[in-house]
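> One predicted model, sequence on top.
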Amino acid sequence: MRSVALIYNPASGQYSARRKAAIDEVLGVLRGAGVEADAFVSDTVGSAEEYARQAVREGRDAILACGGDGTVHAVLQSVVGTETALGVIPLGTANALAANLGLVGSPGKAARKLVDAVPTRIPVGRIHFENGSGPESRYFLVAAGVGADALLMSRMEPGLKRKLGYALYLIEAFRIWATHPFPLFEAAFASNGHGPDSVTQVSQLLAVRVRSFGGVLNQFAPGATLRSDALHLIAFGTRSRLDYFRFLLAAVAGRHRFAKKIELVETATVDCRAINGDTLYVEADGEVLGHLPARMETVPDAVNLLVPQGAEP
């Protein structure tokens, strides 16, 4: 790498003066390795994507998304289909992509790994959805979901998230488990991307593109990988709180199994639509996007990802 743009979100994670110190540490590592590096603060809606587009126009070799998976998601939208590589410095509350790539520890340590990282061309996920003013689509790297997980993301109030961190996810997840009715919606799976092979009703659908979410959710969706051109979907064909509880408890222990009620589905596309007039949220990489109807698919050969040496995306 010769020229790099750092884009960071001062509101992600446990923000304090240490955030600026972390960025300075990363800049020091990169410049010390002979890389031209500049930092840009993403403090307004859409600014991360605009800075990323600017970096692409300038011919930067790479853009480092410094934050959580939401910051990575924002930068991703501007680098898909270009030669500019995407890297990640984990500074957010949720750092699933960074954990999947072995980028743990201090920001400086992550930066040193990225200096020698290999740009690797990978597919990305894409989700089409409704946002109230018409159809839209977004790319995703980590996961996309319909149902309770999207409802959970909609409850992540930024101020509380900065204050409580990961604990807020646990609090809101328990509230949803205890009170949410888990309404069913229709999911049509197509292995060739054209006609549906099967149609079923589910209360939660999660497309996973990483081997590990880090922490307690390791190997959450067996077979999922950033290199895959297929969707790996966890489909909850149940509304039972007990079924949800048993599965998640087993997942934390690394002993979860898939059966008829909770399936692991590999497919090319899935189309989702609401039934009974329910309004159901859609999320990608932890960002609430809109609502059903929605379609998920993959885009092959889409983006250059900076993969540290020895890591398997």
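Received it, and whenever you're ready, just let me know what you need.

> and the residue nearest to G28 when sequence neighbours are not counted, how many neighbours?
Distances taken as Cβ to Cβ, 6 or more residues apart in numbering put G108 closest to G28, at 7.4 Å, once the chain neighbours are dropped. (C-beta placed from N, C-alpha, C; glycine too.) The criterion is other Cβ atoms under 10 Å. On that basis, G108 has 18 neighbouring residues.

> mind listing what G108 touches?
For G108, the residues meeting the contact criterion (Cβ atoms under 8 Å, 6 or more residues apart in numbering) are 25-26, 28-29.

> quick one: contacts for the nearest residue to D278 once chain neighbours are set aside?
Counting by Cβ to Cβ, 6+ apart, the nearest residue to D278 once its immediate chain neighbours are dropped is P183, at 4.6 Å. The contact partners of P183, taken as Cβ under 8 Å, 6+ apart, are 203, 239, 276, 278, 280.

> what are the ranges of the helices in the protein?
All helices of the chain, identified by DSSP state H, fall at 17-32, 47-57, 69-79, 96-100, 107-115, 148-154, 158-164, 166-179, 241-252.

> can you list these in TSV and add mean pLDDT?
Written out in TSV, the entries for the helices of the chain read as follows (pLDDT from 0 to 100):
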stretch	mean pLDDT
helix 17-32	90
helix 47-57	96
helix 69-79	95
helix 96-100	90
helix 107-115	95
helix 148-154	89
helix 158-164	69
helix 166-179	84
helix 241-252	90
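
> Nearest to S3, out of these?
helix 47-57 (8.7 Å; Cβ to Cβ).

> Can you name every helix or strand that the closest one contacts?
The elements that helix 47-57 packs onto, with contact taken as 3 or more Cβ pairs under 8 Å, 6 or more residues apart in numbering; DSSP states H and E, are strand 3-8, strand 36-41, strand 62-67, helix 69-79.

> among those, which is nearest V288?
Distances from V288 to each of these were compared using Cβ to Cβ; the shortest belongs to helix 69-79, at 10.2 Å.

> Tell me which other helices or strands that closest one touches.
In terms of contact count using 3+ Cβ pairs under 8 Å, 6+ apart, helix 69-79 is assigned the packing partners strand 3-8, helix 47-57, strand 62-67, strand 85-90, helix 96-100, strand 135-140, strand 287-307.

> Mind doing that once more with 7 Å?
For helix 69-79, the contact count by 3 or more Cβ pairs under 7 Å, 6 or more residues apart in numbering; DSSP states H and E identifies helix 47-57, strand 62-67, strand 85-90, helix 96-100, strand 135-140, strand 287-307 as packing neighbours.

> Just want the angle from that helix to helix 47-57.
40 degrees (axes from the mean of the first three to the mean of the last three Cα atoms, to 10 degrees).

> what's in contact with helix 69-79?
Helix 69-79 is contacted from outside by 7, 9, 12, 42, 48-49, 52-53, 56, 63, 65, 86, 88, 92, 94-97, 124, 138-142, 284-287, 303, using Cβ atoms under 7 Å, 6 or more residues apart in numbering.

> Check stretch 197-209 too.
Residues from elsewhere that reach stretch 197-209, judged by Cβ under 7 Å, 6+ apart: 125, 141-149, 182-191, 220-221, 224, 226, 231-239, 270, 272, 296.

> Buried subset of these as a PyMOL selection?
To isolate the buried subset of those in PyMOL, counting by 16 or more other Cβ atoms under 10 Å, use the following:
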select buried, resi 125+141+142+143+144+145+146+147+148+149+182+183+184+185+187+188+189+190+220+221+224+226+231+232+233+234+235+236+237+238+239+270+272+296
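
> mind checking how far the nearest residue to V26 once chain neighbours are set aside is from G105?
Nearest residue to V26, sequence neighbours excluded (Cβ to Cβ, 6+ apart): A111, at 4.4 Å. Taken as Cβ to Cβ, to the nearest Å, the spacing of A111 relative to G105 amounts to 11 Å.

> Comparing these two, which shows the higher neighbour count?
Between A111 and G105, counted using other Cβ under 10 Å, the more crowded position is A111 (27 against 11).

> who touches the residue nearest to the spatial centre of the chain in this structure?
Within the chain, the residue whose C-alpha comes closest to the C-alpha centroid is D285; the distance, by Cα atoms, centre = their mean, is 2.5 Å. Remark: with contacts taken as Cβ under 7 Å, 6+ apart, D285 is in contact with 69-70, 72-73, 140-143.
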